[in-house]
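**Q** Build the 3D model from these lines:
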Amino acid sequence: MYIRTSFIKAITGANSVEHIDKSSKMAKPFIPQIIFYEDRNFQGRSHECSSECSDLSSYFRRCNSIRVDSGNWILYEQPNYRGHQYFLHRGEYPDFQQWMGYNDSIRSMRLSPQHQGSFRIRIYEREDFKGQMMEFTEDCPHVHERFHHHDIHSVHIQE
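**A** Got it, this is the predicted structure:
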C-alpha cells in the first residue's frame, strides 16, 4: 500500500509554499495557476489566473471546463465570493459536472488557505476511528511497511 506524498500534502497543505525542482534541488516560489475554458473539454475561449478575482464576468460568460495546474482553489457561482462553492485541486475537469457544478456559472474565485508547518495524521484500520491506528508526522512512501493492514477506513487530521 502506498499513500502518495501529494495526497498528504493536498489534505494538509504542508509544503505547498515551495516547489522543489528535482533536477536542480533549488526551491522555487510556489505559483498557483488555474485555467478556465468557456466550452467543455478545454475548448473555446480561455482565461488563466494565478491570484484571486472577485468578479470573473469580464473574462468569460460561462465556464464548462477547468484545468488546475497548481494550487487549491475555491470557486463561487456568484461575484464577490458568494453562492455555491466548489473546491478544486490540481487536475483536469472537462465539464462542470466533474467538479459537481450545478451549472456553467463561475463568477469569482480565490486560493484556498494553506496550512503551513507541521502536520499530524492518524490512520485507522476500521471506520469511525477504530481498530489499529498509526500516526504520521512526515511523508511515508510505503504505508504498508509500517502499518500492516491492507485497508484504511478512517483518517483523522489533527494539525
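**Q** Got the domain ranges for the chain?
**A** Per the record, the chain has its domains at 29-111, 118-157, by automatic domain parsing.
**Q** Now mean pLDDT and mean neighbour count too, for those, in TSV please.
**A** Using the backbone N, CA and C atoms, a C-beta is placed for each residue, glycine as well. Listed next are those as TSV, based on pLDDT from 0 to 100; neighbours: other CB atoms under 10 Å:
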stretch	mean pLDDT	mean neighbour count
domain 29-111	93	16
domain 118-157	84	14
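**Q** Skip the chain neighbours and tell me the closest residue to the residue positioned nearest the centre of the chain.
**A** Taking CA atoms, centre = their mean, the centroid of the chain lies closest to residue 89, which sits 2.5 Å from it. Distance criterion CB to CB, 6 or more residues apart in numbering; nearest residue to residue 89, sequence neighbours excluded, is residue 72 at 4.9 Å.
**Q** Could you identify the helix or strand that succeeds the helix or strand harbouring residue 84?
**A** Here residue 84 sits within strand 82-88, counting by DSSP states H and E. Using DSSP H and E, the helix or strand that follows strand 82-88 in sequence is strand 91-93.
**Q** doesn't residue 109 make contact with the residue nearest to residue 89?
**A** No: if you go by CB atoms under 8 Å, residue 72 and residue 109 don't touch, sitting 11.1 Å apart.
**Q** so what strands line up beside the strand or helix carrying residue 35?
**A** Residue 35 belongs to strand 33-39 when assigned by DSSP H and E. Sheet partners assigned to strand 33-39 using DSSP bridges are listed as strand 43-49 (antiparallel), strand 65-70 (antiparallel).
**Q** which residues in the protein form strands?
**A** Using DSSP state E, the strands of the chain run over 18-21, 26-29, 33-39, 43-49, 65-70, 73-78, 82-88, 91-93, 108-111, 121-126, 130-136, 154-157.
**Q** want to throw those strands into CSV with distance to residue 58?
**A** Formatted as CSV, these follow (distance: least, CB to CB, whole Å):
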stretch, distance to residue 58
strand 18-21, 30
strand 26-29, 28
strand 33-39, 12
strand 43-49, 10
strand 65-70, 18
strand 73-78, 15
strand 82-88, 17
strand 91-93, 22
strand 108-111, 12
strand 121-126, 41
strand 130-136, 45
strand 154-157, 38
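**Q** Nearest to residue 55, out of the ones you listed?
**A** strand 108-111 (6.1 Å; CB to CB).
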